[in-house]
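Student: Have a look at this prediction, sequence included:
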Amino acid sequence: MLRVRPFIAPILIMMLICLASLWPRRSQSDSLLRRLTNTAETGISLNPSISGDGRQIAFESTEDLANAGGAPGFHAIHTDLTANPTQFLQIGLSRAVTPAISQDGSRIAFASTSDLLGKNVDGNSEIFPQHQPAPTRASRTETFNRQ
């Protein structure tokens, strides 16, 4: 019986360490997370691209986050992550699958089959660059229906 006692203290210490490791705690990454959108259960926000300086983000959403109105469907969205509260700018009533964003966030480019400027009647995928903050668009590619 006397030989068992020296082993009790180390076993109890190891059990306490194991229990402490199971205790729920916030990780450092939890404090770095921020929820940008708050969409309805049926809403989808996806395909984010972030600028190299980490200040601007572009993505697509089925929700009208910018309150711009228009037809239902996907919206190409841009926001400045440093703004508080978050303000969304609609850059197109269109899909914006994997939008490209410049290092400083001043330029965004995306492909779309939508007729955003009234010049894409054939519905081909075209490239649309946009310079921020002015909400103007220009099509850099144009295809013609060759029949």
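Tutor: The structure has been received and is ready for your questions. Numbers count the residues shown, from 1 in each chain.
Student: Any idea how far apart the tips of stretch 80-92 sit?
Tutor: Length of stretch 80-92, first residue to last, CA to CA, to the nearest Å: 16 Å.
Student: Off-centre distance for it?
Tutor: Offset of stretch 80-92 from its chain centre (CA atoms, centre = their mean, to the nearest Å): 12 Å.
Student: Now do the buried residues in it.
Tutor: Buried residues in stretch 80-92, counted by 16 or more other CB atoms under 10 Å: 80-81, 86, 88-92. Glycine gets a C-beta too; all of them are placed from N, C-alpha and C.
Student: If you rank every helix and strand of the chain by mean pLDDT, what lands last?
Tutor: helix 5-22 (a mean of 76; mean pLDDT, DSSP states H and E).
Student: strand partners of the helix or strand that it is followed by, parallel vs antiparallel please.
Tutor: On the C-terminal side of helix 5-22, the nearest following helix or strand under DSSP states H and E is strand 45-50. Taking DSSP bridges as the criterion, strand 45-50 pairs within the sheet with strand 56-61 (antiparallel).
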